[in-house]
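Asks: fold the following and give me the result.
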Amino acid sequence: MPNSEKIMRMLFSQRAMNFGGALACAAMIGYALFAQYVLHEEPCPLCLFQRFEVIALGVVFLAAAAHNPGKIGARIYAVLIVLAALTAIATAAWHLWIQSLPPGSVPSCGANLGYLFEIMSVVEVIQKVFSGSGECQQVDLLLGLSWPWWTVISATLLGAAGAWRNWCGK
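Replies: Model prediction:
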């Protein structure tokens, strides 16, 4: 087998693809933190939920890379990757819907997420966040697309690639 073919197999192995997925998720979170702390773009509650979901997706990818499972284990990871990606996509899609509403149709900004967790149960916080608030309607663009659009695109690509590579095996 020629050296270039060995290198290509290694680069696109199940373990390498899972590690790449984890790195992509880490890069997304890294840029979100850069935008928050350097560019001073404060995340809304839905943005924070999307961060948690991208972190969860990255953790599944990292676990799959570390474990490097056989066929059945890889298929379990494929399902977990799809579930994590779909959760991020669903939250981002809801965020896009809130951003599409006419100004004034979304409730005004509320308390920050940390305070909400102090005074409410987790279920109540989730219900409040998904009802939307004024800060969730703000549109910040990166290369012409809003943050939720980037989450939809990234989670779709990562979820599809991770599912395909883990489901189809080594």
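Asks: the chain: helices as residue ranges?
Replies: 3-11, 14-37, 45-67, 71-100, 113-119, 122-130, 134-137, 147-167 (DSSP state H).
Asks: hey, least reliable of these by pLDDT?
Replies: Among the helices of the chain, helix 134-137 carries the lowest mean pLDDT, a mean of 53.
Asks: so how far is Val60 from Cys25?
Replies: Distance from Cys25 to Val60, counting by Cβ to Cβ, to the nearest Å: 9 Å. Backbone N, C-alpha and C define where each C-beta goes, glycine included.
Asks: again, but for Cys168
Replies: When distance is defined by Cβ to Cβ, Cys168 is 17 Å away from Val60.
Asks: now swap in Gly70 and tell me
Replies: When distance is defined by Cβ to Cβ, Gly70 is 17 Å away from Val60.
Asks: over to Trp149?
Replies: Taking Cβ to Cβ as the measure, Trp149 falls 23 Å from Val60.
Asks: now the helices of the chain in a markdown table, with mean neighbour count?
Replies: Shown next, in a markdown table, are these (neighbours: other Cβ atoms under 10 Å):
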| stretch | mean neighbour count |
| --- | --- |
| helix 3-11 | 10 |
| helix 14-37 | 17 |
| helix 45-67 | 21 |
| helix 71-100 | 18 |
| helix 113-119 | 12 |
| helix 122-130 | 14 |
| helix 134-137 | 19 |
| helix 147-167 | 20 |
